[in-house]
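In: just need the structure, nothing else, for what follows:
(one chain, ligands or ions: 1)
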Amino acid sequence: MKLQIEGINAAMAGELRRIMISEIPTMAIEWVDFHANDSILWDEIIAHRLGLIPLTFDPNFFNFKDECQCEGKGCTKCQVAFALKRTGPGMVYSGDLKTTDDRVKPVFDKIPIVELMEGQELELEAFAELGIGRKHAKWQGAVVGYKVDGDKYIFNIESVCGLKPEQVFTQALKVLNEKLEDFTKDVERIK
Ligand SMILES: [Zn+2]
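Out: Below is the predicted model of the structure:
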């Protein structure tokens, strides 16, 4: 998405860019329980690949796990489970992940995970949760750059998560507002 903003300065443009990249909450797989893995790849490598699959989600429904009313135990408001079970031969794709919540599923079905040879099995359970790109790149929201044309800032926003670029931008504004509210509270406490 291309977006033109007038009346802001370089500090504001830089802050918006940073928030879109690394501070908006997005959904990614964080935990994987392996029941069987006869593939050529180690569990850790498959778990890492699963983490990098962008997932769709409703940004207004889910909570951060550590801020949820379940107190981090994991519930339907902060965690989504997937099941995967395949026997070779054949390539295992992102689309083989079966979700327990239709709002949360891979953005693309044809992302390769690992190839299984004849008779090899892969069976696992995976759990996705919200996070931010500053903690791990798998939660990165977007690739964002901007150029300055006179007094205008022209942003180029490419989403790399399950949100549309316009949602990436509106979520970034929400995060910026929250940061300003926190800052205001801190200043009031000094008074
Ligand atoms: Zn919860």
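In: which bits of the protein sit near the ion?
Out: 68, 70, 75, 77, 78 (Cβ under 5 Å from the ion). Glycine gets a C-beta too; all of them are placed from N, C-alpha and C.
In: give the ChimeraX command for selecting the buried subset of those.
Out: To isolate the buried ones among those in ChimeraX, judged by 16 or more other Cβ atoms under 10 Å, type:
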select :68,78
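In: tell me where the chain has helices.
Out: Under the criterion DSSP state H, the chain contains helices at 10-22, 43-51, 165-190.
In: quick check: residue 115 touching residue 91?
Out: Yes: between residue 115 and residue 91 a contact is recorded at 5.0 Å, counting by Cβ atoms under 8 Å.
In: so what's residue 191 scoring on pLDDT?
Out: pLDDT recorded at residue 191 is 75.
In: neighbours of it, how many?
Out: 4 (other Cβ atoms under 10 Å).
In: residue 140 against residue 26, yeah?
Out: Yes: with contact defined as Cβ under 8 Å, residue 140 reaches residue 26; the gap is 7.4 Å.
In: give the residues shared as contacts by the two.
Out: 133, 161 (Cβ atoms under 8 Å, 6 or more residues apart in numbering).
In: which parts of this structure belong to which domain?
Out: Per the record, the chain has its domains at 2-23+141-190, 27-135, by automatic domain parsing.
In: just to revisit the earlier point, of residue 140 and residue 26, who's got more company?
Out: Neighbour totals were compared for residue 140 and residue 26, and residue 26 leads with 25 against 22 (other Cβ under 10 Å).
In: in contact with the nearest residue to the more buried one once chain neighbours are set aside, which residues?
Out: Once flanking residues are discounted, residue 26 sits nearest to residue 161: 3.8 Å by Cβ to Cβ, 6 or more residues apart in numbering. Taking Cβ under 8 Å, 6+ apart, we find residue 161 in contact with 24, 26, 27, 54, 55, 139, 140, 141, 142, 168.
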